[in-house]
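> Okay, structure incoming, though there's no sequence with it:
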């Protein structure tokens, strides 16, 4: 039994498909299948039921997969101890980020992180929240940046910054001439929101609950940029993160209004699996994000202290 074989069975479990698992692992499908078959022969059990499509783990296979995750995590912990002793960050980092945060973080993050941590092999994936949670639990993503709280028992959340929303409102809207807007000024029938699965949608509906009704039509778009263009052409309003304001034209920025009573705010956190131990790597990510986000938005604890796991 080898760690490589354990990695292979976990890849199959993630994809429920031998070919896609082989592609993830960078080997041919026959090679991956042969090593998994060898492991099954050694243990004298079937880990996967290949008669099902997609393939599924057997009952004993589910237990083996759970233990494989523990074993691989312990192996990673040993490597982390050695790296810490050598004071090096020579490692891989798979980082995920939600679409409504990525435009403001990723360009500057890549530039700064690769400059300061040249030994880290960085890979960033833009993903929806539920896909990120599944990937962190499965071990295919090391950490992620997304809106919290998640209320996931197996996930550790480290708040990084707090971002206000502002209203982007069309000149044709009856409330356009107001200098600031309250929740009562934002009727649901004029609201444009993101598609299901983007975190900003839930934030908007939390804020607009008192005005939202099931019998009112709410229009949906795929990105904040699309929302802005729709409003420019069709009227209405939306709520956008304050970090999006610099991405607007001078003309568009005239359509921004602060929102009060209450001011909508989202918490953005780094998340990791509960048994994550790569503390130095976690702080490297946090320190890089701190260079990008305005100081007034940062979590007060993160300003003063390093992250301790």
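Thanks, I have it. Everything numeric here is computed off the predicted structure, so don't read it as measured data.

> Please state the offset of stretch 103-120 from the chain centre?
17 Å (CA atoms, centre = their mean, to the nearest Å).

> If we go by neighbour counts, what in that stretch is buried?
103-106, 109, 112-113, 117, 120 (16 or more other CB atoms under 10 Å). Using the backbone N, CA and C atoms, a C-beta is placed for each residue, glycine as well.

> Next: stretch 243-260.
In stretch 243-260, counting by 16+ other CB under 10 Å, buried: 243-244, 248, 255, 257, 259.

> Next: stretch 262-274.
Buried-residue list, stretch 262-274, by 16+ other CB under 10 Å: 264, 266-273.

> Taking those residues together, which two end up most distant?
264 and 273 (29.5 Å; CB to CB).

> that older thread, relative to residue 13, which of the buried residues of stretch 103-120 is nearest.
For the buried residues of stretch 103-120, the residue nearest residue 13 by CB to CB is residue 120; the value is 26.8 Å.

> Test my guess that the closest one contacts residue 110.
No: between residue 120 and residue 110 there is no contact under CB atoms under 8 Å: 11.5 Å.

> Secondary structure of residue 99: a helix, I assume?
No: counting by DSSP: H, G, I helix; E, B strand; the rest coil, residue 99 is not part of a helix but coil.

> what about the helices in the stretch 1-150 of the chain?
3-15, 18-25, 29-43, 59-86, 102-116, 129-138 (DSSP state H, counting those that start in this stretch).

> weakest of these by average pLDDT?
Of all the helices of the stretch 1-150 of the chain, the minimum mean pLDDT falls on helix 59-86 (a mean of 82).

> same for it, what does it pack against?
helix 3-15 (3 or more CB pairs under 8 Å, 6 or more residues apart in numbering; DSSP states H and E).

> So for the helix it packs on, what gets flagged as buried?
Neighbour-count burial for helix 3-15 [16+ other CB under 10 Å]: 5-15.

> Include distance to residue 179 when you put the residues you listed into CSV, please.
Below are the buried residues of helix 3-15 laid out as CSV (distance: CB to CB, whole Å):
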residue, distance to residue 179
5, 65
6, 60
7, 58
8, 61
9, 60
10, 55
11, 55
12, 58
13, 55
14, 51
15, 53
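
> Of those, which is the nearest to residue 132?
Among those, and counting by CB to CB, the member closest to residue 132 is residue 14, at 13.7 Å.

> And the closest one, how far from residue 131?
Applying CB to CB, to the nearest Å, one obtains 12 Å for the distance of residue 14 from residue 131.

> go on, residue 50?
Counting by CB to CB, the gap from residue 50 to residue 131 is 26 Å.

> And the two? Which one has more around it.
residue 131 (16 against 11; other CB atoms under 10 Å).

> In contact with the closest residue to the more buried one other than its chain neighbours, which residues?
Of all residues not flanking residue 131 in the chain, residue 96 sits nearest, at 8.0 Å (CB to CB, 6 or more residues apart in numbering). Contact partners of residue 96, counting by CB atoms under 8 Å, 6 or more residues apart in numbering, are 124-127, 131-132, 135-136, 141, 143-146.

> hmm, 7 Å instead?
125, 127, 132, 135, 141, 144 (CB atoms under 7 Å, 6 or more residues apart in numbering).

> Would you show me how to pick out the buried ones of those in ChimeraX?
The buried subset of the contacts of residue 96, as determined by 16+ other CB under 10 Å, is captured in ChimeraX by this line:
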select :127,132,135,141,144
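
> how about JSON lines for the contacts of residue 96, with distance to residue 159 added?
Output for the contacts of residue 96, formatted as JSON lines (distance: CB to CB, whole Å):
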{"residue": "125", "distance to residue 159": "22"}
{"residue": "127", "distance to residue 159": "20"}
{"residue": "132", "distance to residue 159": "16"}
{"residue": "135", "distance to residue 159": "21"}
{"residue": "141", "distance to residue 159": "19"}
{"residue": "144", "distance to residue 159": "13"}
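
> what's the closest of the contacts of residue 96 to residue 36?
residue 135 (21.6 Å).

> Is it correct that that closest one is in contact with residue 141?
Yes: under the criterion of CB atoms under 7 Å, residue 135 makes contact with residue 141 at 3.8 Å.

> Tell me where the model's unsure across the stretch 101-250 of the chain.
Scanning the stretch 101-250 of the chain for pLDDT under 70 picks out the ranges 195-221.

> Tell me which residues touch the nearest residue to residue 72 once chain neighbours are set aside, please.
Closest residue to residue 72 in three dimensions, ignoring its sequence neighbours and counting by CB to CB, 6+ apart: residue 6, at 5.7 Å. Listed by CB under 7 Å, 6+ apart, the contact partners of residue 6 are 68, 71-72.
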